[in-house]
Structure formats: structure tokens, C-alpha cells
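Novice: just the structure for this:
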Amino acid sequence: MARTVSVRQLRNETAEVMAAVQAGERLQLTVNRTPVADIVPHVPERGPWVSSDEVRRILVEAPADQGLLEDLAGVRGQLVDDWE
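Specialist: I've put the predicted structure just below:
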């Protein structure tokens, strides 16, 4: 459960509150004892691209299903129009 911090406490103890968030603590901000926001540690957004070494590692750990590979081999070289 997140620790509750009032707006007054945030104003008066900004450095301490921010240090807690920076240390990984999640806080619930309240106004007149009513929750209004969550203050959570920042998580850097991961880019959509991974290195080729990472892709190889993933493929070794979780290879494609054999049935999927057989299905793909069966349609290789075909066009969508050929499926009619």
C-alpha cells in the first residue's frame, strides 16, 4: 500500500518526499484527506528496437512453435490471391 502524503506535507517537506520517490517508494497525494494523485518513481520508456544479439537470445530461450514453422513453410512463396 502506498504511503499517504498531504499537499501540505508535500509543500513543507518537498525534498524528503522526492527523496522517498527517488528511492522507489510510491506515494498517494491527498487534499483534505481525499486521494487526488499518485506520485510514482519514473520508469524510462524503453525503445521499440533491440539488438540482434538480444533477438538471438530470445529465439534460443523461446523458439517458435513447430506447428507455426510448418504452417509458414506451407505458405512460403504464395500470394494472398492464391488462397481463394
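Novice: next, residue 28: secondary structure please.
Specialist: Under DSSP: H, G, I helix; E, B strand; the rest coil, residue 28 falls in the strand class.
Novice: would you agree it is in contact with residue 5?
Specialist: Yes: between residue 28 and residue 5 there is a contact under CB atoms under 8 Å: 7.0 Å. No exception for glycine: its C-beta is placed from N, CA and C like everyone else's.
Novice: if I look at these two, which residues touch both of them?
Specialist: Counting by CB atoms under 8 Å, 6 or more residues apart in numbering, the contacts common to residue 28 and residue 5 are residue 39.
Novice: so residue 38 is in which element?
Specialist: Secondary structure from DSSP states H and E places residue 38 in strand 34-39.
Novice: which of residue 28 and residue 5 has more neighbours?
Specialist: Ranked by neighbour count (other CB atoms under 10 Å), residue 28 and residue 5 place residue 5 first, with 20 against 16.
Novice: so which strand or helix has the more buried one?
Specialist: Assigning secondary structure by DSSP H and E places residue 5 in strand 3-6.
Novice: name every strand pairing with that strand and say which way it goes.
Specialist: Paired neighbours of strand 3-6 in the sheet (DSSP bridges): strand 27-31 (parallel).
Novice: next one: the helix or strand where residue 19 lies to chain centre, how far?
Specialist: When elements are assigned from DSSP H and E, residue 19 belongs to helix 14-22. Chain-centre distance of helix 14-22: 23 Å, with CA atoms, centre = their mean, to the nearest Å.
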